[in-house]
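> Predicted structure and sequence below. I'll ask about it afterward.
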Amino acid sequence: MKRSHEIDFSEGRLLPKLIAFSIPVMLSGILQLAFNAADLIVVGRFDGDTALAAVGATTSLVELLINLLMGLGTGASVLAARYFGAKDDRRMGETVETAAVTGTLGGVLFAVLGIVVSGPMLRMMQTPASVFPLALVYLRIYFLGLPFLAVYNFLSAVLRSVGDTERPLLYMTVSGVVNVALNVLLVAVFRLGVAGVAAATAASELLSCWLTVRCLMRCEGSYRLPRGRLHFSRAQFLQMLRIGLPAGIQGILFSISNVIIQTSYNTFGAAVIAGNAAACSLEGFPNRAQDAVGQAALAAVGQSMGARKYDRVKSVTLTCCILAGAISIVIYGAMILLRYPLLGIYTRDPGALEAGVNRFYVLGSTYVTFAVMCVMTCVVRGLGFAVLPTVISLAGICGFRLVWIFTVFARFPRLYVLYLCYPISWTLTAAALYIAYLRLRGRAVRENEARYRREHPSV
């Protein structure tokens, strides 16, 4: 790994570095979604709308377990960025090895858990009888690849923390192409349906995991992964847990609310499930763009705090909010203009198309607030406050949506009323996170200085 792959956010012009960091992350996310969309497109075209609905009905449940592992990966990213900014090679190495061990063991644990609970969870979500058997097959095969996905997420988070976003993009591209090729082979040629789609996804996750591990074993920086026995640092794990667990819990809370919302979607029938799955797949593209800017904010704030350059934090926050907002307007605007051709790639059913178009209209109205929410969540976490974003998200996203479903939607059980809970919850949460940032940034500086004096007593 050459030094040219690293980006130091603690000095130099900020905007070009944020863009250079964000574009590969954005492309990685978009490619991942494109390959996931290929799953839906292939299974919908060659196996029908029932198979498409079966894959779509599993989305929120898959995210439920994955988000916890990704949250813990956020903890690894924050620590690695802090030690990279502080030029603390010893603690950086401990963080990388601990992240690899945690990703492996956590992935295995949650793969087993996912296989066990998939059936009861699908029943709890009121999955239609025509969809249930196929959805269950998809989930159980999909979860077999979860350990590889977990390790990839943890170690790619380490690479992003030092500004290296090009290698994860390359690995995502290679594994995605393999995923699409296997989709066509297993579904279109061998007619394995949803089982073939799930098997192709698991195989591509294995490949991306292997490429990332290979990269870190060959690099020459402080974040090199040793080839022999990995050492598990209890101290680094606890810090990783302190930062990442609240992020993971937040992801779980998001997913729980989405599971409940998916249950509400399921009451409208297979056509609405298919249309909603197609729209969600397309919405993932602007979502990944916002996530890319958020990851840039997380790395930049973490490095700036490690380097004790606190004015950079303010610049990072403002620049990332503007950048994410502009991107959201461009991408979501294009999606609304091309709504029928885009949704038509997934399904030709008139009912499914209508459901997808209505979702585009409602969610697109305030999508900028979703962009601000993503950035501010990462900024507050980068400052070192892990629990507060979880509490705010619990109230603003999950709490509000649950109240909405059991009150407003229960009183007016229409599809557009269900869609409205998204933009309203984004706006409330974004406002609360920004207020929290304004009130906590001074405290973050004081705590960071105290931590620096503890870790460097001779300075």
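Ah, there it is.
> Tell me if I'm right that Phe237 and Leu105 touch.
No. Between Phe237 and Leu105 there is no contact under Cβ atoms under 8 Å: 10.6 Å. (Glycine included, C-beta is placed from N, CA and C.)
> between the two, who's got more neighbours?
A direct count of neighbours by other Cβ atoms under 10 Å for Phe237 and Leu105 places Phe237 higher, at 20 against 14.
> what pLDDT does that one get?
Note on Phe237: pLDDT of 90.
> what's the answer for Val459, then?
Per-residue confidence (pLDDT) for Val459: 54.
> Near Lys300, how many residues? Count them for me, please.
No Lys there; residue 300 is Ala. When neighbours are counted by other Cβ under 10 Å, Ala300 registers 31.
> Verify the stated contact: it with Ile19.
No. Using Cβ under 8 Å, Ala300 is not in contact with Ile19, being 11.7 Å away.
> Which residue ranges of the stretch 301-450 of the chain form helices?
Here the stretch 301-450 of the chain has its helices, by DSSP state H, counting those that start in this stretch, at 311-337, 339-344, 350-364, 367-382, 387-393, 400-404, 410-411, 415-419, 421-455.
> how about TSV for the ones you listed, with distance to Thr165 and mean neighbour count added?
Output for the helices of the stretch 301-450 of the chain, formatted as TSV (distance: least, Cβ to Cβ, whole Å; neighbours: other Cβ atoms under 10 Å):
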stretch	distance to Thr165	mean neighbour count
helix 311-337	15	18
helix 339-344	27	16
helix 350-364	27	20
helix 367-382	15	26
helix 387-393	23	20
helix 400-404	32	18
helix 410-411	44	10
helix 415-419	33	19
helix 421-455	24	16
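> Go through those and name the closest to Leu206.
helix 367-382 (28.7 Å; Cβ to Cβ).
> Quick one: mean pLDDT for the closest one?
If you average the pLDDT over helix 367-382, you get 90.
> Give me the helices and strands touching it, please.
Helices and strands touching helix 367-382, by 3 or more Cβ pairs under 8 Å, 6 or more residues apart in numbering; DSSP states H and E, are helix 59-86, helix 234-266, helix 270-306, helix 311-337, helix 387-393, helix 421-455.
> Dump the ones you listed to JSON lines, plus distance to Ser204.
JSON lines is the format used below for these (distance: least, Cβ to Cβ, whole Å):
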{"stretch": "helix 59-86", "distance to Ser204": "15"}
{"stretch": "helix 234-266", "distance to Ser204": "22"}
{"stretch": "helix 270-306", "distance to Ser204": "17"}
{"stretch": "helix 311-337", "distance to Ser204": "25"}
{"stretch": "helix 387-393", "distance to Ser204": "30"}
{"stretch": "helix 421-455", "distance to Ser204": "29"}
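> Out of these, which gets nearest to Asp47?
With Cβ to Cβ as the measure, helix 270-306 is the member of the helices and strands packed on helix 367-382 nearest Asp47 (12.1 Å).
> in that closest one, what counts as buried?
The neighbour-count check on helix 270-306 (16 or more other Cβ atoms under 10 Å) flags 270-306 as buried.
> again with stretch 32-50
32-47, 49-50.
> Now do stretch 337-355: distance to the chain's middle.
Taking Cα atoms, centre = their mean, to the nearest Å, one finds the center of stretch 337-355 at 25 Å from the center of the full chain.
> for that stretch, how far is the first residue from the last?
End-to-end distance for stretch 337-355, by Cα to Cα, to the nearest Å: 16 Å.
> Then stretch 48-66?
OK, stretch 48-66 end separation, Cα to Cα: 27 Å.
> That stretch: which residues count as buried?
Those buried within stretch 48-66 under the rule 16+ other Cβ under 10 Å are 49-66.
> And stretch 98-116, by the same measure?
Under the neighbour-count criterion of 16+ other Cβ under 10 Å, stretch 98-116 has 98-104, 106-107, 110-111, 114-115 buried.
> Now render the residues you listed as TSV, adding secondary structure.
Listed next are the buried residues of stretch 98-116 as TSV, based on DSSP: H, G, I helix; E, B strand; the rest coil:
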residue	secondary structure
Thr98	helix
Ala99	helix
Ala100	helix
Val101	helix
Thr102	helix
Gly103	helix
Thr104	helix
Gly106	helix
Gly107	helix
Phe110	helix
Ala111	helix
Gly114	helix
Ile115	helix
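> List just the nearest of the residues you listed to Ser77.
When the buried residues of stretch 98-116 are ranked by distance to Ser77 (Cβ to Cβ), Ala99 comes first, at 8.9 Å.
> For that closest one, which non-adjacent residue is closest in space?
On the basis of Cβ to Cβ, 6 or more residues apart in numbering, the spatially nearest residue to Ala99 that is not a chain neighbour turns out to be Ala76, at 4.0 Å.
> which ones are touching that neighbour?
Ala76 makes contacts with Thr95, Thr98, Ala99, Thr102, Phe154, Ala157, Val158, Ser161, Met240, Gly244, as judged by Cβ atoms under 8 Å, 6 or more residues apart in numbering.
> ok, the first one - how many residues close by?
Read it as Thr95. Neighbour count of Thr95, defined by other Cβ under 10 Å: 30.
> likewise the last one?
The local packing count at Gly244 equals 29, with neighbours defined by other Cβ under 10 Å.
> mind checking how far it is from Tyr419?
Here Gly244 is placed at a distance of 31 Å from Tyr419 (Cβ to Cβ, to the nearest Å).
> in terms of contact, does Val43 touch Ala200 like I think?
No. The criterion here is Cβ under 8 Å, and Val43 misses it with Ala200 at 10.3 Å.
> list residues touching both of these two?
Asn183, Val187.
> residues touching Ser264, list them.
So Ser264 contacts Ile405, Phe409, Leu418 (Cβ under 8 Å, 6+ apart).
> Let's see that with 10 Å instead.
Contacts were defined as Cβ atoms under 10 Å, 6 or more residues apart in numbering; by that measure Ser264 touches Met125, Gln126, Ile405, Phe409, Ala410, Pro413, Leu415, Val417, Leu418, Cys421.
> where's the dip in pLDDT among those?
pLDDT across those is at its lowest for Met125, which sits at 77.
> Next, give phi and psi for that one.
Dihedral pair for Met125: phi -80, psi 0, per degrees, to the nearest 10.
> That one and Ala296, how far apart?
35 Å.
> same question, Asp89
From Asp89 over to Ala296 the distance is 24 Å, taken as Cβ to Cβ.
> From Arg446, how far off is the residue nearest to Phe9 when sequence neighbours are not counted?
Nearest residue to Phe9, sequence neighbours excluded (Cβ to Cβ, 6+ apart): Ala300, at 3.8 Å. Applying Cβ to Cβ, the value for Ala300 to Arg446 is 20 Å.
> Kindly report the same for Arg13.
28 Å.
> Same check on Glu6?
Distance from Glu6 to Arg446, counting by Cβ to Cβ: 29 Å.
> So Arg359 is in contact with Ser281, correct?
No. Counting by Cβ atoms under 10 Å, Arg359 stays clear of Ser281, with 11.3 Å between them.
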